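Peer 1: Just to be clear, the model below is a prediction. Sequence and coordinates:
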Amino acid sequence: MIPINKPWLGDEEKHEVMKVIEENALTTAARGGGKRVRDFESLLTNYLNIKHVIAVNSGTSALHAALLAADINQGEVLLPSFTFVATANAVIAAGAKPVFVDVKKDDYTIDISDLKAKITKKSRAILPVHLYGHPSDMDEIKVLADKHSLHVVEDACQSLGSTYKKRQTGTFGLMGCFSLYASKVLTSGEGGAVATDSDEMADKLRMIRNHGMVEGYDTKVFGLNLRLPELSAAIAKVQMQKLSKMLETRRRNAELLTKLLFPAASKNGVSVPKETDGNKFNWYLYTVAFDKDIRDKVKQRMINDNIGATVYYSPPVHSTPYYSKISPGVKLPNTEWSSGHVLSLPVHPFVTETEIQYISDRLTKILGSI
């Protein structure tokens, strides 16, 4: 089976992890984190060209901590429903209410016209998601946020390495949140990070990830244990040193797959992901969409051919049992269409050119027979 994603781990990561074990420094409650945490934060700070990075133990924790730091503990947060449920869960955990916004069918990011229509006096923040590594329209989002005095917290959990107008995603809003989950372009197994240019937010985030403490048992704000362990930080530190190579390999695979797929795709009503002059993808996921209602058939046949084609996400968040009770009657036509028509294909660094050719050949044959 060619998996949808696979972490690129080697001897360098193993060596750094063993050093942590030998030093018997698995984690620390120090406000600044352990040595590897600080090393990783410094590397990511430089990569993003931002003032602060605060490492935490998951992308979900990054979103939750960011909302807590911004005092989003009531009111409404506008976000797309076409995302992993963690985006909405973080809003609920912070004490606010998610308001689901539709997406655009061409890149699956938040639809500005629907966003504009759903801003009310209760709105506190906008939480755009750079889904699949596709950057949201940050200029337009920022204009709306400034007009209505709303915070912008970016869910960049899938977009490390993606750029919007030559600037890294996760650096436009008050804070940007990243995931280091095992499937992401850069992993620590489990982990996350919050990026910000705000000294105030960085100070609060360091307290929030450590039970609100500064020195000893002096809790100053509400916080939790959201610390990134040194073992995980050791992996992330090494991963940062080869991030550029991993992104280059993903791009090579994605561009080759597009080149091979395009003739059959255009003939059979299949949309392939397209960058624009202003948006560059990290190619976390290579996601196609079928005009006809054939996605599930195609997926099953590709799995039968040992290709790990995967659907992200069905159902969308607003249609899950929990959120359909919180936000009943929500209608998001583009979200619902996308949820039923998209399919993601493997382009991670371990996929070979031969396998890319195989993926293209099998999908082309399947399209020709359905």
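Peer 2: Thanks, I have it. Residues are numbered from 1 along each chain as shown.

Peer 1: For stretch 163-177, what is the distance to the chain centroid?
Peer 2: 12 Å (CA atoms, centre = their mean, to the nearest Å).

Peer 1: For it, which residues meet the burial criterion?
Peer 2: 163, 164, 168, 169, 170, 171, 172, 173, 174, 175, 176, 177 (16 or more other CB atoms under 10 Å). C-betas here are computed from N, CA, C, even on glycine.

Peer 1: end to end, how far does that stretch reach?
Peer 2: Across its full length, stretch 163-177 reaches 15 Å between end residues, using CA to CA, to the nearest Å.

Peer 1: pLDDT of stretch 208-221, averaged?
Peer 2: Average pLDDT, stretch 208-221: 94.

Peer 1: Off-centre distance for the helix or strand residue 41 falls within?
Peer 2: Taking DSSP states H and E as the criterion, residue 41 maps to helix 35-48. Chain-centre distance of helix 35-48: 19 Å, with CA atoms, centre = their mean.

Peer 1: following that helix, which helix or strand shows up next?
Peer 2: Using DSSP H and E, the helix or strand that follows helix 35-48 in sequence is strand 52-56.

Peer 1: packing partners for that next one?
Peer 2: Where contact means 3 or more CB pairs under 8 Å, 6 or more residues apart in numbering; DSSP states H and E, strand 52-56 is packed against helix 35-48, helix 59-69, strand 192-196, helix 199-208.

Peer 1: C-terminal to the last one, what's the next element?
Peer 2: Meaning helix 199-208. Scanning forward in sequence from helix 199-208 by DSSP H and E, the next helix or strand is helix 230-241.

Peer 1: Next secondary structure element downstream of that following helix?
Peer 2: Using DSSP H and E, the helix or strand that follows helix 230-241 in sequence is helix 243-267.

Peer 1: Other residues contacting that next one?
Peer 2: Under the contact criterion CB atoms under 8 Å, 6 or more residues apart in numbering, helix 243-267 has outside partners 8, 47, 160-161, 185-186, 239, 270-273, 281-284, 286, 288, 345, 347-349, 351, 353, 356-357, 359-360, 363-364, 367-368.

Peer 1: That one vs helix 35-48, what angle?
Peer 2: 50 degrees (axes from the mean of the first three to the mean of the last three CA atoms, to 10 degrees).

Peer 1: Columns distance to residue 29 and secondary structure on top of the buried residues of stretch 163-177, output as JSON lines?
Peer 2: Output for these, formatted as JSON lines (distance: CB to CB, whole Å; DSSP: H, G, I helix; E, B strand; the rest coil):
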{"residue": "163", "distance to residue 29": "36", "secondary structure": "strand"}
{"residue": "164", "distance to residue 29": "36", "secondary structure": "strand"}
{"residue": "168", "distance to residue 29": "30", "secondary structure": "strand"}
{"residue": "169", "distance to residue 29": "31", "secondary structure": "coil"}
{"residue": "170", "distance to residue 29": "27", "secondary structure": "coil"}
{"residue": "171", "distance to residue 29": "29", "secondary structure": "coil"}
{"residue": "172", "distance to residue 29": "32", "secondary structure": "coil"}
{"residue": "173", "distance to residue 29": "29", "secondary structure": "coil"}
{"residue": "174", "distance to residue 29": "27", "secondary structure": "coil"}
{"residue": "175", "distance to residue 29": "23", "secondary structure": "strand"}
{"residue": "176", "distance to residue 29": "25", "secondary structure": "strand"}
{"residue": "177", "distance to residue 29": "23", "secondary structure": "strand"}
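
Peer 1: returning to what we had before: buried subset of the contacts of helix 243-267, written for PyMOL?
Peer 2: In PyMOL syntax, the buried subset of those is picked out as below (16+ other CB under 10 Å):
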select buried, resi 8+47+160+161+185+186+239+270+271+272+273+281+282+283+284+286+288+345+347+348+349+351+356+359+360+363+364+367
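
Peer 1: What about the contacts of helix 243-267, which are in strands?
Peer 2: Counting by DSSP state E, those place 270, 271, 286, 288, 345 in strands.

Peer 1: Compute the first-to-last residue distance for stretch 95-106.
Peer 2: End-to-end for stretch 95-106, by CA to CA: 32 Å.

Peer 1: which of the buried residues of stretch 163-177 sit farthest apart?
Peer 2: 163 and 174 (19.2 Å; CB to CB).

Peer 1: can you tell me which of the helices and strands packed on strand 52-56 comes nearest to residue 227?
Peer 2: Among the helices and strands packed on strand 52-56, the nearest to residue 227 by CB to CB is helix 35-48 (7.8 Å).

Peer 1: so what secondary structure elements neighbour that closest one?
Peer 2: Contact partners of helix 35-48 among helices and strands, from 3+ CB pairs under 8 Å, 6+ apart: strand 52-56, strand 192-196, helix 230-241.

Peer 1: Out of these, which is the most enclosed?
Peer 2: Ranked by mean neighbour count under mean count of other CB atoms under 10 Å, these are led by strand 192-196, which reaches a mean of 30.

Peer 1: roughly how far out does that one sit from the chain middle?
Peer 2: The chain centroid and the centroid of strand 192-196 are separated by 12 Å under CA atoms, centre = their mean.
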